[in-house]
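# sequence? don't have it. structure:
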């Protein structure tokens, strides 16, 4: 019976994989009125902070030396390099490499930079010893100094991709548990093993936890919010790194939460960030800590033949404040393998459905 179920799942998966692009809300239309896609900014995991009438963009890479660089703009089209705003060598620095996915928030006149890095405290010599920290500055242009000489907390496994929500006097931290040493049973894992591709499939899951008011630690235990599907035909787009024989991992990462009316929307990325199938979906909840239900119209952002590897997004608003904008990284054949920043319009429709009008490429 199990064999029949897997065969049927494979058949459905193949059909969905063939037709998925026809049902996507993405568009390949060249839109010269958009935001100069791709931007002339080579960053992964881009995050944009609007501070008064100026935008600041942070991300992974960009020539940073064990830290993070920033760019500034007034129109989201023309960017000036601010320079490196965070250095691991600051007096409380605890990370040694793998500085990823910075996000900056303004609270009470201060700026807080959340990020992930490889923790130097590594008694068991783990290959992936990633943790999340927070640094503070008086300016969005830095310099940022770690609030303490250690990560915010250690859940006992490697974590990346911090995202923060300030809601009703509370602060919530969202993060992704890494795939590292986290094999999970699923129909996809069973299928890949029978094909002789992989003995096991590791997975990353998104968690949420409340932070202390001073951001020095967590309150209570983390709550599991999102994970890849157990059934092979369900949300098959999240398994393409495996079904395309790219990697023995399924990712759920790069979460970004926002509230629209009474509903919390959590956008997230699936598949290998370094491959073509990196894509974005979303889930909804009535509570900051779930339960979250994945949307039927996922993925809302994915490759379209011209742009690939679309993922790890954040959200900002247009200079006039009228439009929601999805900020993410991607690649084109013309720009090569390097990750560049894209900005496309997005909207929550009257029926609650979230759509992203991209990826687009400007002329």
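Structure's in. What do you need? Note that the structure is a prediction, hence the values are computed from the model and not measured.

# mind checking the longest strand of this protein?
Ranked by number of residues, the top strand in the chain under DSSP state E is strand 95-107.

# Check which strands are paired with whatever helix or strand comes next after that strand and give the direction for each one.
Following strand 95-107 in sequence order, the next helix or strand is strand 110-119 (DSSP states H and E). The strands that strand 110-119 pairs with in its sheet are strand 95-107 (antiparallel), strand 130-137 (antiparallel) (by DSSP bridges).

# so which of those is the most packed in?
strand 130-137 (a mean of 22; mean count of other Cβ atoms under 10 Å). Bear in mind the C-beta positions are built from the backbone N, C-alpha and C, glycine included.

# Pull the distance from that strand to the chain's centre.
17 Å (Cα atoms, centre = their mean, to the nearest Å).

# so where's the protein uncertain?
Residues of the chain meeting the criterion pLDDT under 70: 1-34.

# what residue is smack in the middle of it?
The chain has residue 254 as the residue nearest its centroid, 1.7 Å off, counting by Cα atoms, centre = their mean.

# And what about residue 86, helix, strand or coil?
strand (DSSP: H, G, I helix; E, B strand; the rest coil).

# beta partners for it?
residue 68, residue 144.

# likewise residue 60?
Counting by DSSP bridges, residue 60 is bridged to residue 44.

# Next, work out how far apart it and residue 241 are.
Using Cβ to Cβ, to the nearest Å, we find residue 60 at a distance of 19 Å from residue 241.

# can you give me the strands in the stretch 251-363 of the chain?
Read by DSSP state E, counting those that start in this stretch, the stretch 251-363 of the chain holds these strands, from start to end of the chain: 252-260, 263-270, 279-285, 293-294, 307-317, 324-332, 340-348, 354-356.

# Nearest to residue 55, out of these?
Nearest of those to residue 55, taken as Cβ to Cβ: strand 307-317 at 6.8 Å.

# who does that closest one touch, helix- and strand-wise?
strand 44-51, strand 252-260, strand 263-270, strand 279-285, strand 324-332, strand 340-348 (3 or more Cβ pairs under 8 Å, 6 or more residues apart in numbering; DSSP states H and E).

# Touching, residue 271 and residue 251? I think so.
Yes: with contact defined as Cβ atoms under 8 Å, residue 271 counts as touching residue 251 (6.1 Å).

# okay, and the common contacts of the two?
The contact sets of residue 271 and residue 251 overlap at residue 241 (Cβ atoms under 8 Å, 6 or more residues apart in numbering).

# what's across from the closest residue to residue 159 other than its chain neighbours in the sheet?
Residue nearest to residue 159 in three dimensions, not counting chain neighbours: residue 175, with 4.6 Å by Cβ to Cβ, 6 or more residues apart in numbering. Bridge pairing for residue 175 (DSSP bridges) gives the partners residue 207.

# Pull the number of nearby residues for residue 175.
Neighbour count for residue 175, taken as other Cβ atoms under 10 Å: 29.

# cool, and residue 362?
Neighbour tally, residue 362, other Cβ under 10 Å: 16.

# And for residue 202?
Other residues within reach of residue 202 by the criterion other Cβ under 10 Å amount to 18.

# got it, and the one 5 residues further on?
Applying other Cβ under 10 Å, we find 22 other residues in the vicinity of residue 207.

# Pull out the buried residues from stretch 113-126.
113-119 (16 or more other Cβ atoms under 10 Å).

# Can you tell me which of these is nearest residue 140?
Nearest member of the buried residues of stretch 113-126 to residue 140, counting by Cβ to Cβ, is residue 113, at 9.3 Å.

# on that earlier part again, next one: the longest strand of the chain to chain centre, how far?
The answer for strand 95-107 is 13 Å, by Cα atoms, centre = their mean.

# Contacts for that strand next, please.
By Cβ under 8 Å, 6+ apart, strand 95-107 touches 44-45, 47, 49, 51, 56, 58-60, 64, 66-68, 86, 88, 111-120, 130, 133, 140, 160-164, 166, 254, 312, 314.

# okay, how far is it across stretch 78-95, tip to tip?
32 Å (Cα to Cα, to the nearest Å).

# One more: stretch 182-196?
20 Å.

# residues in contact with that stretch?
5-6, 9-10, 157, 198-205, 227-232, 239, 242-243, 248, 250.

# Mind doing that once more with 6 Å?
6, 9, 198, 200-203, 230-232, 239, 242 (Cβ atoms under 6 Å, 6 or more residues apart in numbering).

# Same question for stretch 285-304.
With Cβ under 6 Å, 6+ apart, stretch 285-304 has contacts from 25-26, 28, 165, 167, 172, 208, 223, 225-226, 237, 264, 266, 276, 279-284, 310, 353-354, 356, 359.
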